[in-house]
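>>> okay, predicted coordinates and the sequence, questions at the end:
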Amino acid sequence: MTFDLSLYLVLDPDLCRDHSMIETTLAAIRGGASMVQLRDKNARTEDMIRTGRALMAAMAGSNVPLIVNDNIDVALAINAHGLHVGQDDMPADMARQKLGTGKILGLSVETEAAMRAVDPAIVDYVGVGPVFATATKPGHKPAIGLDGLKHLVGLSPLPSVAIGGLKAEHASAVSAAGAQGMAVVSAICGQPDPEAATRRLASEIWAA
């Protein structure tokens, strides 16, 4: 399945309190988001399935893929377009086995060793970071900075999306580092006008 990493929205249920995850997603798609990830580390599987089904229905026809973070059961239950796993989640080869071909599989990469271990026959893209420290992912690995991003992206055998504390003003630096796009959470989720926030991000990314 083809996909565009340029503006990758990662949903956060706490930040999406004022505008629901569905409202936020639809506003972001109108504003130019190219991929959406359902991430809720604290939700029960059945609740995530309910949210995921509602998102799949709301996003139908938008050509924007919905990726599920970490939970293969949810991804399969809602027939999501893909799954994203971290280094401490289910191993990528096992995830691919369960997911099947034709679905998108993303993998978080924080270190050179992890990047060198990436298998392009299994994984479709890598999420590289965290570029900066971020409150939206407690207990994340140490921030790698823009230099670290450039280094890891240079080693990547796959398209890469930068993540971690990124805002519109970082778009040109992320592009200069060689990443195909940037993943954001609080730059869209929890903004007073998620559509306008996404539009601003998208224009900075296109300009870059």
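Great, that's in hand.

>>> give me the below-cutoff pLDDT ranges for the protein.
136-138 (pLDDT under 70).

>>> for this structure, what spans make up the helices?
With DSSP state H, the ranges of helices along the chain come out as 21-31, 45-59, 72-77, 92-99, 112-116, 145-155, 171-176, 194-207.

>>> and the ones you listed, which is most packed in?
Most buried of the helices of the chain, by mean neighbour count (mean count of other CB atoms under 10 Å): helix 21-31, with a mean of 21. C-beta here means a position set from N, CA and C on the backbone, and glycine is covered the same way.

>>> report all helices and strands that that one contacts.
strand 7-10, strand 35-38, helix 45-59, helix 194-207 (3 or more CB pairs under 8 Å, 6 or more residues apart in numbering; DSSP states H and E).

>>> direction included, what does the strand ranked longest in the chain pair up with?
Counting residues, the longest strand found in the chain (DSSP state E) is strand 104-109. According to DSSP bridges, strand 104-109 forms sheet pairs with strand 82-85 (parallel), strand 125-128 (parallel).

>>> work out the gap between that strand and the centre of the chain.
9 Å (CA atoms, centre = their mean, to the nearest Å).

>>> send me it as CSV with only the CA atoms.
Output of strand 104-109 as CSV, limited to C-alpha atoms (Å, rounded to 0.1, in the frame of the first residue of the first chain):
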residue,chain,number,x,y,z
ILE,A,104,1.9,-0.9,6.4
LEU,A,105,4.3,-1.7,9.2
GLY,A,106,6.3,1.0,10.9
LEU,A,107,9.0,0.7,13.5
SER,A,108,10.4,3.1,16.0
VAL,A,109,14.2,3.5,15.9
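
>>> who's in contact with it?
1, 3, 65, 67, 81-87, 92, 95-96, 99, 115, 118, 122-129, 152, 156, 160-161, 163 (CB atoms under 8 Å, 6 or more residues apart in numbering).

>>> at 6 Å what do you get?
1, 3, 81-86, 92, 95-96, 115, 123-128 (CB atoms under 6 Å, 6 or more residues apart in numbering).

>>> ok, of those residues, which come out buried?
3, 81-86, 92, 95-96, 115, 123-128 (16 or more other CB atoms under 10 Å).

>>> for Pro65, which non-adjacent residue is closest in space?
Nearest residue to Pro65, sequence neighbours excluded (CB to CB, 6 or more residues apart in numbering): His81, at 3.5 Å.

>>> closest to Leu11 out of the helices of the chain?
helix 21-31 (5.0 Å; CB to CB).

>>> so how far is the closest one from its chain's centroid?
That offset, for helix 21-31, works out to 15 Å (CA atoms, centre = their mean).

>>> since that was my last question, I'll sign off now.
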